[in-house]
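Asker: Sequence plus predicted model, see below.
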Amino acid sequence: MSNQMVKGNTAVIIGAMYAGCDCFFGYPITPASEILHEASKYFPMVGRNFVQAESEEASINMVYGASGTGHRVMTASSGPGISLMQEGFTYLAGAQLPAVIVDIMRAGPGLGNIGPEQGDYNQIVKGGGHGNYKNIVLAPNSVQEMCDLTMKAFELADKWRNPVVVLADGTLGQMAEPLVFPTEAVEPEIDESWAVRGNKETMGNLITSIYNDFDELEDFNYELQEKYAKIDAEEVIFEEYNTEDADIILVSYGISSRIARSAVDKSRANGLKVGLLRPITLSPFPTEKVKELADRGVSFISVEMSNGQLLQDVQFAALRKEDTHLVNRMGGNLIELKHVLAKIYEIAGFEDENLDTSKRSSEKASPNIID
Amino acid sequence: MKIEDLKNNDDYELQIRRNPQSLLEEYPRKGTNIKSTHYCAGCGHGIIHKLIAECMDELGIQERCVMISPVGCSVYAYFYFNCGNYQTAHGRAPAVATGISRAEDNAIVMSYQGDGDLASIGLNETLQAANRGEKIAVFFVNNTVYGMTGGQMAPTTLIGEKTVTCQTGRDPDYSGHPTHMCELINTLKAPVFIERVSLANPLKIRLAKYAIKQALTVQKEGKGYSFVEILSPCPTNLKQDVASAQKFIEEQMEKEFPVKNFRNNLYKKDPVQRPASDFSKESLDKIFNVKRDEGSGYVDEDIEPVSIKVSGFGGQGVLSAGLTIAQAACAEGKHVSWYPSYGPEQRGGKSNCSVVISNETIGTPVVDEMDILIALNKPSLEQFSQDVKEGGTILYDSHIGEFTTDRNVKVIPMPCVDIAEEHGNARTANTALLGALTELTNVLKAESYENAIKEMFASKPKVIDVNIDVLHAGAKWIKDNS
């Protein structure tokens, strides 16, 4: 087999390069630095561009510059660096530029630590910069998807001329799994109808987000909202696992969804009707699917490594708060299977005397270097 | 030709007054009054725009040019320049310029910035782009004041100069001294061309044009970074008329900011040429070592899922032993996950990894309960032995000492360090344990471990043979002792 054991962070770069990404700009931050390392190694091998920027603000603005030329471009960072990039996100959205940003989430707020968390959900999914814009957000849950969804991110970015974020966490970045390599390599075509390349064909084009006239800016805002409505209608992706007859639905993305999947298997072995809804696009969110399940009367459990940020979207989509529950960990701790099971059993009224949730797992996810 | 003759020429007036080709004749992007600019009367921007555009014409580079408008009064420079245009965030123009220049090697990228944008909020981007020697021309318009936001103190405001945020004059004890950008940039090695010019009078304006032309020639020839600082009037915010604006530049600004060339390596520097990007699948397959003829995907077979934890100190080869198992499983087309976990120390702390091998999609990659625990030190043996499933196996380095449990778990102390030392390389103790694993579970084929070792040590071929010998010795030891 030509499958290769690959780390999640490396898979991002493999996906990016087969997707025809031409420029990588980045600044070191644990636990996303490996993406930077791999880009610095592989991009120059095929004559593509790599720059280690002076800051995350510079990275995202280099992305803005290179993206405006119509090339496929990207950066990667983690929470504190992503916060710094928010200026760039809103300018990219405002200038309708395609770009791919990978966020390998770590624990916050502030400097926090470098353990895995999913606390960047709101700043990424809701759009953490100023103005009425949104990112498209993809949430991989395996090394294979770190590669495949990075490729998909470039496709969506070009299609909608909008920033696309691949939202993963430190665990997915560090773990290794077999990777089936992309079957094709994309040789992207540059759309000269809007790009500015420093040539005769694109001389008349302008990359900007400024609209001095209030009505013009309002019209542009409406235009953006129409675009987002189309994205909502066309691009929702989710995975269902044993949801058909389920009374209890776990909603979970990223690494948490892997643990949720194990919880479904264990519960099913005990005869409980439990299923998993895994949003693969967090923006657009699978609102209709959640509503459909809610109308069936299921109990929801949001399984997330954050303070109920995903739960809020589940409640919003379900149009109810009742019978929606939260199982979460924060601070760099992974969700533990037993905690998910305990909540399922509590809702289902099931007794398992072997389940001991008193002890915290001694498992820690990654090195504790502060930087 | 005599003046009298020219006056009779119908085109004479047009010839003098028309814009260079690189400036638009009308400014439709402006929306209203498309024949006039948005700049105040007496502002220096109009002069500088025209000088840059004349140079673009004269050098024949208009089509290659990309102009970056910053935040500040020149936020609308794109109303006027007849070339590709960008508008960017405050202070970020040099980073944006870097992005454009790296993506389009042939583009001539100009970053047009004021003193607040370039020397205050964008100082880092300015110096870093200069230090990298980016192929960009930076035009720095220094008028000692924030214009667009209403006349606040700028980094270049002179000592004693009054602005709306230093109403009794700039006091260095409270707000520092004027920033000298040419001098700062001149401390860096990479820049090719650095010059400060002035718009104080027509002669100086002609000299300014010469510097701008040099800066753009550097770009035309792809030689690197050029920087031109232009001392420019802002009569509106500094409340000056024509005469006092000229006087202010000549008598005060030029005193603080000497007008001169700081560096001109136009003729010494070689062009920087960047390679073309290669998007071919063949090249990517080569750098990632993808073997298309071997097929890919997963093999459908009936196996019991196995979970293994390898644990010990960092530096004992714990993570690589786990990765070798995972690599072997991967090569057989099995589903497998490898998940590392470290202590707080970079070296020498506790470290372990979880490996799950299965015939189907793996749920959690974190192993809370394991079938097999491989322990290379005492703390991890004590920490994880309770997590081994009933009927599971604990395999550990016998140097740790005796370990017993009353649970239904097979406990195997193994002299893995001795076996490794017998082969002359104590660092292969982890491989001896892997050898034992080949006998303890038949989930993977023995040769898969061998191939995995070859793969793992591909960059250190010298140690492949000894590791394979130790692998066999470990397997033999288990056979002989069970």
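Answerer: Structure's in. What do you need? Numbers count the residues shown, from 1 in each chain, chains lettered A, B, ... in the order given.
Asker: low-confidence ranges in chain B?
Answerer: Low-confidence segments of chain B, defined by pLDDT under 70: B:1-16, B:343-348.
Asker: What segments of it are strands?
Answerer: B:65-69, B:84-87, B:108-114, B:136-142, B:193-198, B:226-231, B:261-264, B:306-313, B:335-342, B:350-358, B:370-375, B:388-397, B:410-414 (DSSP state E).
Asker: Without its sequence neighbours, what residue ends up closest to the closest residue to chain B within the stretch 1-150 of chain A?
Answerer: Here the stretch 1-150 of chain A gets closest to chain B at one residue, A:Gly65, 2.5 Å apart by CB to the nearest CB. C-beta: built from backbone N, CA, C; applies to glycine. Nearest non-adjacent residue to A:Gly65, counting by CB to CB, 6 or more residues apart in numbering or on different chains: B:Gly99, 2.5 Å away.
Asker: my guess is the one you found contacts A:Thr75, does it?
Answerer: No - judged on CB atoms under 8 Å, B:Gly99 makes no contact with A:Thr75 at a distance of 10.2 Å.
Asker: quick one: A:Val290 and A:Leu277 touch, right?
Answerer: Yes - assessed by CB under 8 Å, A:Val290 is found in contact with A:Leu277 at 7.0 Å.
Asker: Overlap of the contact sets of these two?
Answerer: Taking CB atoms under 8 Å, 6 or more residues apart in numbering or on different chains as the contact rule, A:Val290 and A:Leu277 both touch A:Val251.
Asker: Return the residues of the stretch 1-150 of chain B in contact with chain A.
Answerer: By the rule CB under 8 Å from any CB of the partner chain, the part of the stretch 1-150 of chain B lying against chain A is B:29, B:31, B:62-66, B:69, B:75, B:78, B:82-89, B:92, B:95-104, B:106-109, B:124-125, B:128, B:132.
Asker: I'd like to know which of these are buried.
Answerer: B:62-66, B:69, B:75, B:78, B:82-89, B:92, B:95-104, B:107-109, B:124-125, B:128, B:132 (16 or more other CB atoms under 10 Å in any protein chain shown).
Asker: what about B:Gln316, how many residues close to it?
Answerer: The tally of other residues near B:Gln316 (other CB atoms under 10 Å in any protein chain shown) stands at 21.
Asker: Got phi/psi on A:Glu155?
Answerer: A:Glu155 adopts backbone torsions of phi -60, psi -50, taken as degrees, to the nearest 10.
Asker: The closest residue to chain B within the stretch 201-350 of chain A: what's its closest spatial neighbour, skipping adjacent residues?
Answerer: Relative to chain B, the nearest point of the stretch 201-350 of chain A is A:Ser262 (3.2 Å; CB to the nearest CB). Spatial nearest neighbour of A:Ser262, excluding adjacent residues (CB to CB, 6+ apart): B:Gly363 at 3.2 Å.
Asker: Check B:Pro275 too.
Answerer: Closest residue to B:Pro275 apart from its sequence neighbours, by CB to CB, 6+ apart: A:Gly47 at 3.7 Å.
Asker: A:Leu206 now?
Answerer: Leaving aside its chain neighbours, A:Leu206 sits nearest to B:Asn85 (4.6 Å; criterion: CB to CB, 6+ apart).
Asker: ok, the one you found touching A:Met203?
Answerer: No - applying CB under 8 Å as the test, B:Asn85 and A:Met203 come out as separate, 9.0 Å apart.
Asker: if we can go back for a sec, is the residue nearest to A:Leu206 bridged to anything, and to what?
Answerer: A:Leu206, B:Met67 (DSSP bridges).
Asker: how about the strands in the stretch 151-300 of chain A?
Answerer: With strands called from DSSP state E, counting those that start in this stretch, the stretch 151-300 of chain A shows them at A:163-169, A:176-179, A:206-207, A:238-241, A:248-251, A:274-279, A:281-283, A:299-304.
Asker: A:Asn3: which of those is closest?
Answerer: For these, proximity to A:Asn3 was assessed by CB to CB; strand A:176-179 is nearest, at 3.9 Å.
Asker: which residues touch residue 38?
Answerer: No chain in the question, so chain A it is. If you count contacts by CB under 8 Å, 6+ apart, A:Glu38 has them with A:9-10, A:12-13.
Asker: look at chain B instead
Answerer: B:30, B:76, B:79.
Asker: for A:Ser299, same thing?
Answerer: A:Ser299 neighbours (CB under 8 Å, 6+ apart): A:247-249, A:323-325, A:347.
Asker: re the thing from before, what do B:Gly99 and A:Thr75 both touch?
Answerer: A:25, A:62-63.
Asker: from the stretch 101-250 of chain B, which residue is nearest to chain A?
Answerer: In the stretch 101-250 of chain B, the residue that lies nearest chain A is B:Ala107 (2.6 Å; CB to the nearest CB).
Asker: hang on, I meant the stretch 301-450 of chain B
Answerer: Nearest residue of the stretch 301-450 of chain B to chain A, counting by CB to the nearest CB: B:Gly363, 3.2 Å away.
Asker: you'd agree that residue is up against A:Ile255?
Answerer: No - contact criterion CB under 8 Å: B:Gly363 and A:Ile255 do not qualify, at 10.9 Å.
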